[in-house]
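Visitor: Dropping the sequence and predicted coords here.
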Amino acid sequence: MLISSRMRLALSFSFALLLVACGAKEEPKTDANANAGANAEGTPTPKLEEFKPPPQTAMDKSTVALMAKPKVPGDKITVQHVLIAFKGAQNATVTRTREEAKVLAEKVWNDAKSGINFKDLMTMHSTDSGGGEYEMSRDQMVLGFREIAWRLNVDEIGVAPWHDKDSPYGWHIIKRIK
């Protein structure tokens with residue numbers, strides 16, 4: 001079965017969001033070892049069918065829905081964004097944890113969706129050293145950022161979630177303005 005690049009990226013985002021939400025450090029147990037009984041520490045190991053990932057946040061669900069939309073036509077768009085970095089993200093100078101960054105990104109996204117002035121949110125929360133407003137062509141910015149930005153209509157807000165390769169700087173709350 002052939003999978004389009006857009007569907008592959010949407011699945012990649014979904015998987016990345018699931019991993020971030022789960023805080024997964026180890027692989028889920030397989031049928032081969034699900035009945036092993038206990039791990040090295042003596043803690044009972046759950047069977048695969050007992051594993052239930054935590055629910056996605058509204059922000060996560062919005063990102064998945066946005067990735068299902070086609071990209072907008074044109075050669076240039078203008079966006080504003082709030083970068084929410086965390087300690088360990090590429091070029092980050094902040095001390096917040098990745099979990100704290102995701103919570104803050106969700107708050108900023110909710111504030112933006114509720115009508116709070118986006119420039120004020122940029123000033124209060126963004127760690128973007130470039131100012132946060134960009135006219136961009138289709139090949140500018142990291143993959144996660146541009147995949148979200150090019151699906152937004154004017155005045156629409158979306159989130160490019162942190163991903164170690166596709167969005168390594170943190171969460172980007174993006175508003176298309178032109």
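Guide: Ah, there it is.
Visitor: okay, Ser167: pLDDT?
Guide: Note on Ser167: pLDDT of 90.
Visitor: Ile148 now?
Guide: 95.
Visitor: got it, and Gln56?
Guide: Note for Gln56: predicted pLDDT of 83.
Visitor: quick one: what helix or strand has it in it?
Guide: Counting by DSSP states H and E, no helix or strand carries Gln56.
Visitor: residues near it, how many?
Guide: Gln56 sits with 15 neighbouring residues when counted by other CB atoms under 10 Å. All C-beta atoms are positioned from the backbone trio N, CA, C, and that covers glycine.
Visitor: Distance check, it against Asp120.
Guide: Gln56 sits 28 Å away from Asp120, going by CB to CB, to the nearest Å.
Visitor: same deal with Arg98?
Guide: 25 Å.
Visitor: quick check: mean pLDDT across stretch 127-137?
Guide: 89.
Visitor: buried stuff in it?
Guide: 127-128, 132, 134 (16 or more other CB atoms under 10 Å).
Visitor: For stretch 147-164, measure first residue to last.
Guide: 15 Å (CA to CA, to the nearest Å).
Visitor: what's the answer for stretch 116-136, then?
Guide: Stretch 116-136 has its terminal residues 24 Å apart, counting by CA to CA.
Visitor: again, but for stretch 129-148
Guide: Taking CA to CA as the measure, stretch 129-148 stretches 20 Å from start to finish.
Visitor: Render the CA-only coordinates of whichever strand in the chain runs longest in PDB, please.
Guide: What stands out as the longest strand in the chain, according to DSSP state E, is strand 76-84. Taking C-alpha atoms only, strand 76-84 is exported to PDB below (Å, rounded to 0.1, in the frame of the first residue of the first chain):
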ATOM      1  CA  LYS A  76       4.700  33.200   0.000                       C
ATOM      2  CA  ILE A  77       2.800  33.400   3.300                       C
ATOM      3  CA  THR A  78       3.400  35.600   6.400                       C
ATOM      4  CA  VAL A  79       3.200  34.100   9.800                       C
ATOM      5  CA  GLN A  80       3.800  35.100  13.400                       C
ATOM      6  CA  HIS A  81       4.800  32.500  16.000                       C
ATOM      7  CA  VAL A  82       5.600  31.900  19.600                       C
ATOM      8  CA  LEU A  83       8.400  29.500  20.200                       C
ATOM      9  CA  ILE A  84       8.200  27.600  23.400                       C
END
